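K.L.:
Quick one: sequence plus predicted model below, questions after.
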Amino acid sequence: MNGEERTQTDGKTGEGVTEIDTGCLNLDKKVRQWLKWDQNETTRQEIHTLVQQKDVEELRKRLENRLTFGTAGLRAPMGAGYSRMNDLTIIQSTQGFLRYLESCFDTLKEKGVVIGYDHRINSKRFAHLAACICLHAGVPVYLFSQIVPTPFVAFGVLKYKCAGGIMITPSHNPRGDNGYKVYWDNGSQIIPPHDTGIASCIDANLEPWTTSWDTSIVTTSPLCQDPFNAVHTDYYQAIQKHCRHRSLNENSAVTFTYTAMHGVGTQFAEEAFRVFGLKPFVPVKEQVEPDPYFPTVKFPNPEEGKSALNLSIETANRHGSSVILANDPDADRCAVAEKQPDGQWKVFTGNETGALFGWWALHTYREQFGQDIDLSDVYMIASTVSSKILHSIAKMEGFKFEETLTGFKWMGNKTVSLHKDSKKVLFAFEEAIGFMYGTQVLDKDGISAAVVMAEMATYLATINRTLTQQLNQIYQTYGYHCSENSYYLCYQPDTITAMFDRMRRMENGSYPSQIGPYKIIGIRDLTTGYDNTQPQNKAILPCSASSQMITFTFDNGCVATLRTSGTEPKIKYYTEICASPSKTDYEAICRELHDVVDKIVQELLQPTVNNLVARPN
């Protein structure tokens with residue numbers, strides 16, 4: 001009888017479950033294996049219920065495919081099964097991570113690991129499971145005693161010179177998700193080959209060890225320390241070096257509104273404002289407390305723009321605020337909005353905010369060391385899908401610019417390599433509102449970004465200039481950089497693969513030579529390693545066959561990148577036209593870019609043909 005569970009057990013050893021019959025021997029084996037290994041009664045019951053309901057399709061989804069560990073770690077909905085975030089998959093992942101660390105560090109039992117967690121459902125539980133596995137192996141654990149922003153874990157790895165770090169968070173994913181983010185000993189997120197090495201060790205250590213469920217050791221082991229107070233103190237001391245105008249801050253004429261988006265950020269942003277000498281911000285009361293259910297937002301991601309900032313705008317209008325600062329739930333991203341003369345609000349894109357930070361980093365560096373300071377060893381960094389505005393500023397001002405693959409794991413590790421060569425990195429950013437201001441944290445940091453932006457706005461107000469006006473000044477000096485980025489949702493991996501394969505052979509078996517009336521002069525495919533702008537048509541940036549990413553350069557100066565997301569079912573596109581300073585008709589530049597985007601969407605993505613779901617308004 002398909003889907004029938006003839007004998008059921010409440011035990012935790014798997015005894016009595018041999019009569020499960022789903023109609024598939026392999027699936028039966030998976031069910032019995034899960035019930036043998038899982039000791040969480042809630043998730044065990046989920047599997048029992050699915051068997052009783054004869055829901056074979058859902059059992060296949062839950063048990064036949066495992067979560068894939070990558071450079072972003074793990075991120076998925078919570079629930080029972082190997083494809084979900086739960087106690088068992090946390091145990092398996094940590095057992096594998098521990099074995100990999102043991103293979104890389106002879107001094108692991110001296111170095112230890114840092115473990116933090118956010119406010120999501122089960123985050124503290126998952127952190128304690130991860131900690132107990134390390135502690136039972138004799139590895140010291142710096143386990144935060146309370147919720148922290150993700151940057152605190154990255155900072156803690158460097159502070160304590162640990163072998164690695166674990167942060168339990170799904171960042172800005174929906175409320176039912178959770179995640180497992182990993183840092184290496186350099187304080188940055190892992191990059192290849194560590195991801196595949198960890199994944200292999202996970203696969204070799206799937207069965208829970210006898211002590212892996214015993215979390216009591218977290219409260220009894222002398223190897224477990226709470227780093228919260230020390231990290232808190234040292235972090236705020238470290239970011240204070242970016243406070244250049246304390247006297248202006250103390251008398252700031254700007255009123256700021258802040259939202260934590262129901263996440264962890266409020267108390268940490270408050271302290272940042274305090275140490276910079278800024279008066280307290282106006283909090284969005286409905287979103288000030290950590291709440292894993294996110295009752296006021298459909299998507300807890302300030303990157304979504306005004307749709308996520310409605311309450312912030314209402315609060316700011318009531319209190320006469322002119323600037324809104326918004327962190328995502330784990331406070332590693334920061335969105336910025338400013339009230340315009342007509343009463344409307346401008347939500348800055350990540351590229352626009354990156355331009356402001358880049359200008360400010362250079363401005364304050366010269367304030368500190370002199371206008372004529374040699375910039376030949378000074379660097380700024382951006383990901384390849386982000387605006388090229390830093391490159392444009394670098395060419396005119398004399399500092400160096402580096403481009404990396406998408407994600408702060410690449411920018412953090414690039415910073416590490418530059419430091420080894422005695423170079424100075426001022427700033428790095430990605431268009432998805434991720435900013436690394438300074439190098440006290442080698443990852444995006446929404447707390448330091450928020451307070452540095454507040455000081456920038458305060459300074460500009462003293463010279464009768466707004467953030468919007470300063471952005472326009474940047475573009476007038478270095479050239480207008482008009483960008484248009486968005487995404488489509490696609491829940492069918494085969495459709496995504498077919499779509500990108502079609503792009504590679506859509507014109508006589510090769511890439512297209514033009515899109516609409518716009519001629520293509522350069523193609524870089526970081527999935528296959530092809531780049532016709534480089535010698536032997538070989539790409540310089542690292543390539544990966546496991547993800548899709550193609551960049552088209554057009555003869556009108558437009559650069560467009562299409563890529564898949566590593567953590568969400570999205571096909572993202574990033575486009576930009578970089579105009580010379582002599583081109584001053586910004587609206588015309590943007591209209592041309594919009595037309596290019598329209599042609600790309602219709603001819604390459606084909607939303608109707610591929611049943612793609614447009615980004616929600």
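P.N.:
In hand now; what should we look at? Numbers count the residues shown, from 1 in each chain.
K.L.:
which residues in the stretch 451-600 of the chain form helices?
P.N.:
Remark: helices assigned in the stretch 451-600 of the chain by DSSP state H, counting those that start in this stretch are 467-478, 493-505, 586-600.
K.L.:
Give me the contact list for the longest one.
P.N.:
Pointing back at helix 586-600 there. With Cβ atoms under 8 Å, 6 or more residues apart in numbering as the test, helix 586-600 has contacts from 475, 480, 482-484, 515-518, 552, 554, 556, 558, 560, 562, 573, 575-577, 579, 583. C-beta: built from backbone N, CA, C; applies to glycine.
K.L.:
and the residue nearest to Gly557 when sequence neighbours are not counted, what are its bridge partners?
P.N.:
Residue nearest to Gly557 in three dimensions, not counting chain neighbours: Ile577, with 5.2 Å by Cβ to Cβ, 6 or more residues apart in numbering. When assigned by DSSP bridges, Ile577 has beta-bridge partners Cys482, Cys558.
K.L.:
neighbours around Ile577, how many?
P.N.:
For Ile577, the count of nearby residues is 22 (other Cβ atoms under 10 Å).
K.L.:
And it, what's its pLDDT?
P.N.:
We note a pLDDT of 94 for Ile577 in this prediction.
K.L.:
so it touches Asp555, yeah?
P.N.:
No. Using Cβ atoms under 8 Å, Ile577 and Asp555 do not qualify as a contacting pair, with a distance of 11.5 Å.
K.L.:
what helices or strands is the top helix by length along the chain leaning on?
P.N.:
Using DSSP state H to assign secondary structure, the helix with the most residues in the chain is helix 350-369. Applying 3 or more Cβ pairs under 8 Å, 6 or more residues apart in numbering; DSSP states H and E, we find helix 350-369 packed against strand 334-339, strand 378-383, helix 389-397, strand 424-430, strand 434-437, helix 446-462, helix 467-478, strand 481-489.
K.L.:
neighbouring contacts of the second one?
P.N.:
Applying Cβ under 8 Å, 6+ apart, the contact partners of strand 378-383 are 354, 358, 361, 365, 388, 390-391, 393-394, 399-407, 410-411, 414-415, 418, 423-431.
K.L.:
Just the CA atoms of that strand, as PDB, please.
P.N.:
What follows is strand 378-383, C-alpha atoms only, in PDB (Å, rounded to 0.1, in the frame of the first residue of the first chain):
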ATOM      1  CA  VAL A 378      44.900  53.000  -1.600                       C
ATOM      2  CA  TYR A 379      42.100  50.800  -2.800                       C
ATOM      3  CA  MET A 380      38.300  50.600  -3.100                       C
ATOM      4  CA  ILE A 381      36.500  47.400  -4.200                       C
ATOM      5  CA  ALA A 382      33.100  46.600  -5.800                       C
ATOM      6  CA  SER A 383      31.500  43.400  -7.100                       C
END
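K.L.:
about what we covered before: which of the contacts of helix 586-600 are buried?
P.N.:
Using 16 or more other Cβ atoms under 10 Å as the burial test, those include 475, 480, 482-484, 515, 518, 552, 554, 556, 558, 560, 562, 573, 575-577, 579 as buried.
K.L.:
for Pro512, phi and psi?
P.N.:
In terms of degrees, to the nearest 10, the main-chain angles of Pro512 are phi -70, psi 150.
K.L.:
Next, the contact list for it, please.
P.N.:
Applying Cβ under 8 Å, 6+ apart to Pro512 gives the contacts 503, 506, 520, 603-604.
K.L.:
Just the buried residues out of those residues, in PyMOL syntax.
P.N.:
Selecting only the buried entries of the contacts of Pro512 in PyMOL, with 16+ other Cβ under 10 Å as the criterion:
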select buried, resi 503+520+604
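K.L.:
Output the contacts of Pro512 as TSV; include the columns pLDDT.
P.N.:
Below are the contacts of Pro512 laid out as TSV (pLDDT from 0 to 100):
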residue	pLDDT
Met503	97
Met506	94
Ile520	97
Glu603	96
Leu604	97
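K.L.:
Tell me the one among the contacts of Pro512 nearest to Phe348.
P.N.:
Distance ranking of these against Phe348, using Cβ to Cβ, places Leu604 first at 27.9 Å.
K.L.:
Lys346 versus that closest one, what's the distance?
P.N.:
Here the distance between Leu604 and Lys346 works out to 30 Å (Cβ to Cβ, to the nearest Å).
K.L.:
same check, this time on Leu390
P.N.:
With distances defined as Cβ to Cβ, the gap from Leu390 to Lys346 amounts to 21 Å.
K.L.:
circling back to that earlier point, distance to Ala230 added to the helices and strands packed on helix 350-369, as JSON lines?
P.N.:
Rendered in JSON lines, the data for the helices and strands packed on helix 350-369 read as follows (distance: least, Cβ to Cβ, whole Å):
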{"stretch": "strand 334-339", "distance to Ala230": "25"}
{"stretch": "strand 378-383", "distance to Ala230": "29"}
{"stretch": "helix 389-397", "distance to Ala230": "34"}
{"stretch": "strand 424-430", "distance to Ala230": "25"}
{"stretch": "strand 434-437", "distance to Ala230": "22"}
{"stretch": "helix 446-462", "distance to Ala230": "17"}
{"stretch": "helix 467-478", "distance to Ala230": "35"}
{"stretch": "strand 481-489", "distance to Ala230": "39"}
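K.L.:
Mean neighbour count, the ones you listed: which tops it?
P.N.:
Taking mean count of other Cβ atoms under 10 Å as the contact definition, the stretch among the helices and strands packed on helix 350-369 with the greatest mean neighbour count is strand 434-437, which reaches a mean of 27.
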